[in-house]
Structure formats: C-alpha cells, structure tokens
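J.: attaching a predicted model along with its sequence, questions to come.
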Amino acid sequence: MKPLLIVFVAGVIMAVGPSGFAQSPPSTALSYTVRYEPISDSCAAGQGTPITPANGLLKMQITGTALVVQVGGLPRLAGETLRNGKFKAETRDTTLRVKYSAVGRMIGTRLQMSLVVEYYKNDQRPECTKSWDATGSRA
C-alpha cells in the first residue's frame with residue numbers, strides 16, 4: 001500500500017509542476033523626479049533634528065503589495081500599496097526618536113505624496129512635526 005501512495009504523490013507533484021507551488025510575486029522598480037514643498041513646521045528653534053528631504057530622485061520598489069520608498073536623505077520607508085495606486089509607508093529611527101511616514105498615490109506616470117516627520121521626546125506623542133507635499137513624474 002505504501003508504494004502505491006508514494007507513486008500517487010509523485011504523480012500529483014509532476015502533474016502540478018513547479019508552477020502549482022507558491023512563487024514570489026514580480027518586483028517592480030520605479031523612479032520619480034520629485035519636488036518637495038513645505039506644508040507645516042511646528043518645531044521651534046532647537047526642537048527636532050533639521051531634516052529636509054532633497055528635491056530630486058525618489059525610488060520605489062514594489063513586490064506584490066509590499067512597498068519600499070527611498071526619499072533622498074532619509075531612511076527607507078516600508079509599507080504597502082493600496083487600491084487605485086494609493087500607498088502608505090513609514091519607518092522609525094529609535095536613536096533620534098523620529099518617525100517618517102509617507103502617503104500618496106501614483107496616477108499614470110505622476111506621483112503625489114505627503115511626507116511627515118514627527119519628533120518624539122517620549123513615546124506618547126510627537127514633540128513637533130514637519131510635513132511636505134511632493135509631486136513629480138517618472139524619471
């Protein structure tokens with residue numbers, strides 16, 4: 001009885017083939033030339049770290065719904081893509097006590113995004129925040 005079971009399982013595996021097993025989703029790399037416009041800055045002199053995103057190239061790596069965003073001069077932000085080209089991503093720098101977050105959408109070859117940097121003195125609520133609007137097109 002056992003040899004028959006082994007032959008049956010082997011036959012099923014060969015019939016299904018490697019395409020029947022889970023494969024990693026395809027990965028897409030996107031680059032945008034962006035410009036940042038300040039929206040708000042609630043940090044007084046000496047509060048927070050002087051961080052300003054650099055105009056220029058913004059890179060995205062999309063694998064399935066997982067997303068990695070690289071903004072010039074900032075750490076990589078990890079998140080997910082949502083419906084209709086929308087996305088959200090964030091990261092924390094525990095050494096500086098800073099949270100970086102981005103939300104936006106991709107419309108054809110255009111990108112619209114809001115970037116927020118929150119500075120924490122304790123873990124409860126931000127001491128101050130800075131935010132920018134970013135717009136751009138595929139590079």
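T.: Right, received. Where do you want to start? Numbering: from 1, shown residues only.

J.: distance check, the nearest residue to Ile62 once chain neighbours are set aside against Ser114.
T.: Nearest non-adjacent residue to Ile62, counting by Cβ to Cβ, 6 or more residues apart in numbering: Thr28, 4.6 Å away. Every residue, glycine included, has its C-beta placed from N, CA and C. Thr28 is 22 Å from Ser114, where distance means Cβ to Cβ, to the nearest Å.

J.: partner strands of the helix or strand hosting the residue nearest to Ile62 and their direction?
T.: For Thr28, the host element (DSSP states H and E) is strand 27-41. Using DSSP bridges, strand 27-41 pairs in its sheet with strand 56-63 (antiparallel), strand 126-138 (antiparallel).

J.: which positions within the shortest one qualify as buried?
T.: Pointing back at strand 56-63 there. 58, 60, 62 (16 or more other Cβ atoms under 10 Å).

J.: so what touches it?
T.: Residues from elsewhere that reach strand 56-63 (Cβ atoms under 8 Å, 6 or more residues apart in numbering): 24-34, 67-72, 81, 87, 111, 113, 134, 136, 139.

J.: if we can go back for a sec, and of the strands paired with strand 27-41, who's closest to Arg105?
T.: When the strands paired with strand 27-41 are compared by Cβ to Cβ, strand 126-138 sits nearest Arg105, at 11.1 Å.

J.: mind listing what's buried along the closest one?
T.: 126-132, 134, 136.

J.: how about the buried residues of strand 56-63 in a markdown table, adding pLDDT?
T.: Putting those into a markdown table (pLDDT from 0 to 100) gives the following:
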| residue | pLDDT |
| --- | --- |
| Leu58 | 95 |
| Met60 | 95 |
| Ile62 | 95 |
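
J.: JSON lines for those, including distance to Ile39?
T.: JSON lines is the format used below for the buried residues of strand 56-63 (distance: Cβ to Cβ, whole Å):
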{"residue": "Leu58", "distance to Ile39": "17"}
{"residue": "Met60", "distance to Ile39": "21"}
{"residue": "Ile62", "distance to Ile39": "26"}
